[in-house]
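**Student:** no sequence on this one, just coordinates:
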């Protein structure tokens with residue numbers, strides 16, 4: 001039933017009411033005044049009914065004492081009553097035939113165990129009556145295209161309709177979001193304050209926006225990702241539909257690093273996992289509200305940017321320098337103009353200006369901005385958009401004064417001409433202001449009348465362009481990858497379960513068990529023999545070849561090296577014989593909570609590159625694959641690439657390319673290049689091994705993974721599981 005109440009059809013009904021009842025409305029209530037004024041600011045012209053048991057009027061309008069006294073049902077009830085009275089209002093709403101409700105009151109799931117119990121009862125009551133509930137502890141929503149804004153904060157008219165859908169897990173930030181958006185001409189298709197998400201969740205609203213024809217981009221402020229699997233599915237759907245999701249995700253916890261069972265968990269902290277997961281899902285992660293809104297505004301207004309070669313038209317040499325620096329940081333190219341463009345620019349630029357990219361039309365272009373007497377900035381734009389060497393154009397030529405000029409006709413002609421050039425351009429044209437400043441009412445009016453949108457300053461603007469380029473590139477790679485064969489993880493898991501009957505040890509595995517798991521997953525490991533005495537160890541060393549390494553194999557012993565359970569570089573029988581009892585004793589005596597199988601003897605490997613590769617389990621996203629520079633450097637350098645499982649073959653290759661150590665793998669400074677395909681196969685095998693173990697997995701790590709040319713071998717493996725369910 002709850003799925004039906006939060007379906008796209010029900011949310012469309014919730015967000016587009018033609019009649020609204022405000023429960024708890026009175027002239028003395030600040031919240032009630034806010035909601036009423038917001039409805040007026042939004043231009044709501046539907047039926048509005050204030051409800052209060054004691055006040056006969058509110059805002060000059062006669063009230064009704066209860067929802068039960070309404071002459072006809074309202075499409076939406078906005079409920080302002082105290083926490084303890086909300087459930088009774090739900091019963092009243094059901095009796096009145098009301099199907100949708102916003103609850104402002106806090107003190108539910110945000111207020112301890114008692115509040116969570118009260119919230120569950122609230123949802124059960126609403127569900128039983130077939131009522132869709134937004135909140136509690138939420139401020140409501142703004143639907144600018146429908147001209148309805150039942151919102152608990154005062155809004156400044158006019159509300160600008162536009163292509164950006166906004167979902168906020170913090171209602172108090174809405175004022176800042178709305179103010180910045182208004183100051184920079186960013187229009188919303190919908191803005192929702194989620195509150196406690198007792199019934200309608202962030203995922204439900206994302207699902208609605210992905211299918212909403214008026215939404216081109218989705219902007220999120222996230223305090224937590226509550227339903228990771230569903231969020232991932234929605235993100236992939238949005239990417240496939242060509243609707244970018246831009247997210248400001250806040251909050252981090254070092255607890256995962258402090259309690260990590262393995263190096264993989266220590267380097268795959270909460271923030272890094274969220275970064276990797278969102279990037280993998282095609283979600284653009286930003287660092288602040290301004291970046292969130294400027295990026296969303298660009299993606300909502302501009303055509304897709306599908307190439308990194310940028311042409312620039314400006315009237316400031318200093319701006320050219322800033323753009324060149326920021327473009328380099330974002331990986332944006334500034335190619336030379338073609339001969340035809342150079343010739344066209346020479347005809348329209350002052351004699352002392354240079355027809356190079358970025359092109360500076362100089363102060364002559366600024367001096368004529370208001371009158372339109374000469375048009376170097378317009379003509380330069382017309383020339384640059386035709387250049388065959390550029391994929392898109394950035395112009396700083398859309399300049400509007402804060403107040404109407406004495407003779408606005410020239411300004412308006414120039415803007416009309418620029419808008420026409422942008423509309424007919426063979427490549428996308430992005431307009432930006434030089435600095436991040438609010439638009440005046442006049443500037444916003446003349447720009448919106450021509451469908452023009454300005455990025456807020458060069459720094460945020462170039463950041464947004466970089467995000468847009470990377471999003472398009474990732475989407476193109478994902479489409480290409482969807483036609484490639486699936487990774488072998490599922491096959492490995494099914495084969496392994498048949499071979500092992502799904503039964504694995506619990507706790508910290510002995511290395512021998514970990515090796516058996518990796519053998520099923522086709523992950524190569526260095527040869528090793530199990531010895532149960534010093535004599536057996538010496539005999540094994542002679543067979544595998546000196547120098548050798550000794551490692552105790554014991555269930556329950558996670559950090560063998562720290563406990564003295566590892567001896568390396570043993571070059572003689574005497575050294576092996578002396579090391580054996582020390583390595584064996586590291587597991588403890590008869591009272592120790594470990595089960596010792598013996599000591600593994602394996603040959604040493606030298607040269608090459610040592611990597612760490614492993615799987616840790618994130619509380620939100622589940623199993624996460626990590627690869628990075630291994631050995632003694634893993635935690636010191638934090639050079640790690642991450643992917644949430646499952647992965648595809650392209651993901652494995654991309655991970656290796658993301659490492660700062662990638663030049664070492666490619667044979668930098670005379671080294672032997674590593675066979676990256678073999679390493680990628682190991683990563684896919686580890687993903688398959690993790691799938692094989694299943695939900696009981698806590699950690700799976702190969703460290704180091706030794707790579708030299710086409711030889712790739714794991715030298716040590718650690719596996720930790722919870723229960724025996726595999």
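**Tutor:** The structure has been received and is ready for your questions. Fair warning: this is a prediction, and the values are worked out from it, not measured in the lab.
**Student:** I'd like the distance between the residue at minimal distance from the centre of the chain and residue 471.
**Tutor:** Taking C-alpha atoms, centre = their mean as the criterion, residue 278 is the residue nearest the geometric centre of the chain, at 3.2 Å. Separation of residue 278 from residue 471 (C-beta to C-beta, to the nearest Å): 11 Å. To be clear about C-beta, it is placed using only N, CA and C from the backbone, and glycine gets the same treatment.
**Student:** what's the answer for residue 672, then?
**Tutor:** Applying C-beta to C-beta to residue 672 and residue 471 gives a distance of 37 Å.
**Student:** Which one's more surrounded, these two?
**Tutor:** More crowded of residue 672 and residue 471, by other C-beta atoms under 10 Å: residue 471, with 22 against 14.
**Student:** Could you pull up the residues touching the more buried one?
**Tutor:** Going by C-beta atoms under 8 Å, 6 or more residues apart in numbering, residue 471 touches 244, 282, 284, 299.
**Student:** Just the mean pLDDT for the longest strand seen in the chain, thanks.
**Tutor:** For the chain, the longest strand by residue count, based on DSSP state E, is strand 697-708. For strand 697-708, the mean pLDDT works out to 94.
**Student:** pretty sure residue 614 belongs to a strand, no?
**Tutor:** Yes. Secondary structure assignment places residue 614 in a strand (DSSP: H, G, I helix; E, B strand; the rest coil).
**Student:** right, and it touches residue 699 too?
**Tutor:** Yes. Counting by C-beta atoms under 8 Å, residue 614 does reach residue 699; the two are 6.9 Å apart.
**Student:** more neighbours, the two?
**Tutor:** Higher neighbour count among residue 614 and residue 699: residue 614, with 31 against 22, using other C-beta under 10 Å.
**Student:** Show me what the helix or strand hosting residue 625 pairs with in its sheet, parallel or antiparallel.
**Tutor:** Using DSSP states H and E, residue 625 sits in strand 622-629. The pairing partners recorded for strand 622-629 under DSSP bridges are strand 609-618 (antiparallel), strand 640-644 (antiparallel).
**Student:** after the shortest one comes which helix or strand?
**Tutor:** Heading C-terminal from strand 640-644, the first helix or strand you meet, by DSSP H and E, is helix 649-658.
**Student:** That following helix - what's its average pLDDT?
**Tutor:** 90.
**Student:** helices and strands around it, which ones?
**Tutor:** helix 458-481, strand 622-629, strand 640-644, helix 676-693 (3 or more C-beta pairs under 8 Å, 6 or more residues apart in numbering; DSSP states H and E).
**Student:** shared neighbours of residue 278 and residue 471, which are they?
**Tutor:** With C-beta under 8 Å, 6+ apart, residue 278 and residue 471 have common neighbours residue 284.
**Student:** Strands along the stretch 51-200 of the chain, start to end?
**Tutor:** 57-58, 61-62, 76-79, 100-103, 132-134, 140-142, 161-168, 188-193 (DSSP state E, counting those that start in this stretch).
**Student:** and of the ones you listed, who's closest to residue 441?
**Tutor:** strand 161-168 (16.7 Å; C-beta to C-beta).
**Student:** Please identify the pairing partners of the closest one and their relative orientation?
**Tutor:** Partners of strand 161-168 in its sheet, by DSSP bridges: strand 188-193 (parallel), strand 217-222 (parallel).
**Student:** what does the last one rub up against?
**Tutor:** Residues from elsewhere that reach strand 217-222 (C-beta under 8 Å, 6+ apart): 163-170, 173, 177, 202, 206, 209-210, 238, 243-250, 289, 292-293, 296, 299-300.
**Student:** likewise the first one?
**Tutor:** Residues external to strand 188-193 that are found in contact with it (C-beta under 8 Å, 6+ apart): 15, 134, 138-145, 151-152, 159-168, 170-171, 174, 177-178, 181, 205, 209, 212, 214-215.
**Student:** Torsion angles phi and psi at residue 569?
**Tutor:** phi 70, psi 30 (degrees, to the nearest 10).
**Student:** what's around it, how many residues?
**Tutor:** 11.
**Student:** what's the answer for residue 217, then?
**Tutor:** Neighbours around residue 217, by other C-beta under 10 Å: 27.
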